[in-house]
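[1] coords please:
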Amino acid sequence: MADAPGALPLLSTKEAAKRLNLHPNTLVKWRSAGTGPEFIKIGRAVRYRGEAIESWLRRTTRQHTT
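    Here you go, the predicted structure:
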């Protein structure tokens with residue numbers, strides 16, 4: 001089945017973790033803690049939108065440590 005035109009691909013936990021250069025378990029822990037990028041539940045499957053990851057990265061980007 002082909003994606004709808006203009007539809008953004010949904011990423012699995014493993015794919016999202018690879019994009020963020022993290023271990024997938026980090027995303028699992030962040031989901032449990034209510035932190036990290038927004039995710040979607042489709043039945044038992046967890047998916048991430050690329051735009052949600054980008055938005056989360058922008059929100060968490062810091063200029064300094066204070």
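
[2] OK, contacts around the closest residue to residue 40 other than its chain neighbours?
    Among residues not flanking residue 40 along the chain, residue 47 sits closest, at 4.7 Å (CB to CB, 6 or more residues apart in numbering). Every C-beta, even on glycine, is put in place using the N, C-alpha and C of the backbone. Going by CB atoms under 8 Å, 6 or more residues apart in numbering, residue 47 touches 10-12, 39-41.

[3] quick one: residue 47 from residue 39, how far?
    7 Å (CB to CB, to the nearest Å).

[4] just residue 16 next, same as before
    To residue 39, residue 16 is 8 Å away according to CB to CB.

[5] please apply the same query to residue 65.
    Residue 65 is 27 Å from residue 39, by CB to CB.

[6] of those two, who's got more company?
    residue 39 (18 against 4; other CB atoms under 10 Å).

[7] can you report phi and psi for that one?
    Here is the backbone geometry of residue 39 (degrees, to the nearest 10): phi -140, psi 170.

[8] how about residue 43?
    phi 70, psi -120.

[9] just the one 5 residues further on next, same as before
    Torsion angles at residue 48 (phi, psi; degrees, to the nearest 10) stand at phi -120, psi 140.

[10] coming back round to it: common neighbours of residue 16 and residue 39, please.
    Residues touching both residue 16 and residue 39 by CB under 8 Å, 6+ apart: residue 48.

[11] how about the helices in the chain?
    Ranges of helices in the chain, per DSSP state H, are 13-20, 24-33, 50-60.

[12] tell me which of these is the most buried.
    Among these, the stretch with the highest mean neighbour count (mean count of other CB atoms under 10 Å) is helix 13-20, at a mean of 16.
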